[in-house]
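Undergrad: Any chance you could fold what I've pasted below:
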Amino acid sequence: MKPEKTFEQVVLDFEVGFEDFLPKRLEILAEGFAKGWTASQVNERLLENDCETLYVRSYFEASLIYAFNHGIDYSQWKELFAGCQQIYDESNQQGGVFSGGKITLKQLEEYVFKGSDPLLQTEYLTRWMEAELERKDDEAGFQAFMLENANNFSVSREKARYYFCKYLYFYIREKCEAYYRSCEISEKLRRQYGHMLLAEERGMQEKFALEELSFLKPLTRLKKEADKVKPGMSVEEKREYLEHASLTPGGIFDEFNYFYFGYVSADKIEILFELYGEPEEWPYQDKIRIARSLGLCSGKSDKEAEKKALDELERMAEKQRAKEEELDLMHIRDENLKKKIYQRGRSGEDYFRDFILGKRDINRSTLISFLLFVNARISLDADSKITLPRLNRILVNCGFPQIRPKHSFDRFVMRFLKSRDPMEVVAEEVERQVVRGNDFYLYKVYRDAYCHQNELIRYLV
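TA: This is a model prediction of the structure:
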């Protein structure tokens, strides 16, 4: 049975039991149509079942809100929606802040600052749109609402995306500021000691700080600057350089993964290339050292063995370059080709990229776990620090259920926030789940995230 037929059958014959064929959220929407519920009743049932409430800034869900509140049945809703389809098709072509094949720190900052503006912030806009839609009492008014707000609609739940990007920005910004401080210290040491500094001592703090920025690329130029007796870039120039550096979602995902599970998902060679740049630019001794760290040769290898190791390193570099080019092209190719590229085993990175770009809705558990990660890793000011009351406000703003003590994952979150040693709480909970034969709550937690709009298109339209 085709998905759209399944949904229609559930609406027409709800008591028969066809709801077993639908995802839970769609089952509730079908029941709402079948029983003539209002949008408030639908949202109440959605929250009871840990599903996201209807979102007015989704083009599809705004039409569902209108339909539920005006007693419009499913077949009438399809006709109503078809009449506005052209508006959606045109508004869906907007590029937004993130354009092109890469994400820069500057773009991330622009998106966060725009969302934080009191007159532009997503919470204000969402509530304004809810009030406006509620005032529309006929189809002409509804179509006017859809047309007037064409540029305000979003493929994903914008508030959850905003919070994810906001705390990601806080995290990256603190790491960058630590790097700038290390550069100032290095400059002071160079002025004080000059050529008296040993080569390994030059820019040592800068290099350590750069290792904390492995999610930005390329860093080759900055690494070279750290090695110089007299750097050619000022701190302000380095700041400008990083503002336009590319953010690698894989690097962020790895740090998130490592925080909870103690390992990174990216290949070691990928991290090395992001930190040091292209291998042909590495000094010979650095190439040998890195080849040894990758197990391609050893300290006892002769010249012939070292040459073979460097040849293998170059092959690995070429493979990595092709991998990165493929990833960048992913965002400008057609949908069919995208699907082929996505089958590369980098699902965590791809999910995080989609979260930032607004191509996939962030699920509740992923948002919570990411906020906890940032809260534990950096110092946040009093207005941004994640506390239980603030977390609940964020969840409500995003259309998610608040923290519920009866749920085991939510109890873990409460313990995490109250503990002076959050990682001890994580370790205890992981051990507890393993003993029970279960995966830890956050094991590939992002896999439950998907695009609600695509689901609606598949089943309802």
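Undergrad: where along the stretch 201-350 of the chain do the helices fall?
TA: 204-211, 220-227, 235-243, 249-261, 268-276, 284-293, 303-329, 335-341, 347-357 (DSSP state H, counting those that start in this stretch).
Undergrad: now those helices in a markdown table, with mean neighbour count and mean pLDDT?
TA: The C-beta positions use only the backbone N, C-alpha and C, and glycine is treated the same way. Shown next, in a markdown table, are these (neighbours: other Cβ atoms under 10 Å; pLDDT from 0 to 100):
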| stretch | mean neighbour count | mean pLDDT |
| --- | --- | --- |
| helix 204-211 | 18 | 80 |
| helix 220-227 | 18 | 81 |
| helix 235-243 | 15 | 90 |
| helix 249-261 | 21 | 82 |
| helix 268-276 | 19 | 55 |
| helix 284-293 | 15 | 74 |
| helix 303-329 | 14 | 78 |
| helix 335-341 | 11 | 39 |
| helix 347-357 | 22 | 83 |
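Undergrad: can I get those helices in a markdown table with distance to residue 376?
TA: A markdown table is the format used below for these (distance: least, Cβ to Cβ, whole Å):
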| stretch | distance to residue 376 |
| --- | --- |
| helix 204-211 | 19 |
| helix 220-227 | 27 |
| helix 235-243 | 24 |
| helix 249-261 | 7 |
| helix 268-276 | 22 |
| helix 284-293 | 29 |
| helix 303-329 | 29 |
| helix 335-341 | 33 |
| helix 347-357 | 18 |
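Undergrad: Quick one, which of those helices gets closest to residue 39.
TA: Judged by Cβ to Cβ, the one of the helices of the stretch 201-350 of the chain that comes nearest to residue 39 is helix 347-357, at 26.6 Å.
Undergrad: where does that closest one sit relative to the chain's centre, distance-wise?
TA: Here helix 347-357 is found 5 Å from its chain centre; the criterion is Cα atoms, centre = their mean, to the nearest Å.
Undergrad: same check, this time on stretch 296-303
TA: 41 Å.
Undergrad: Can you give me the first-to-last residue distance of it?
TA: 13 Å (Cα to Cα, to the nearest Å).
Undergrad: and for it, what are the contacting residues?
TA: Identification of contacts with stretch 296-303 by Cβ atoms under 8 Å, 6 or more residues apart in numbering yields 288, 291-292, 305-306, 308-309, 312-313.
Undergrad: Which helix or strand lies directly C-terminal to the helix or strand containing residue 34?
TA: For residue 34, the host element (DSSP states H and E) is helix 24-35. Where DSSP H and E defines the elements, the next helix or strand beyond helix 24-35 is helix 39-48.
Undergrad: Show me which residues of that following helix are buried.
TA: Across helix 39-48, burial judged by 16 or more other Cβ atoms under 10 Å covers 39, 42-43, 45-47.
Undergrad: Same check on stretch 76-85?
TA: So, applying 16+ other Cβ under 10 Å, buried residues of stretch 76-85: 77-78, 80-81, 84.
Undergrad: What of stretch 141-160?
TA: Those would be 142, 145-146, 149-150, 152-160, for stretch 141-160 by 16+ other Cβ under 10 Å.
Undergrad: Which of the buried residues of helix 39-48 sits closest to residue 207?
TA: residue 47 (49.5 Å).
Undergrad: and that closest one, what is it in contact with?
TA: 53, 401.
Undergrad: just residue 362 next, same as before
TA: Contacts of residue 362 (Cβ under 8 Å, 6+ apart): 156-157, 160-161, 164, 355, 449.
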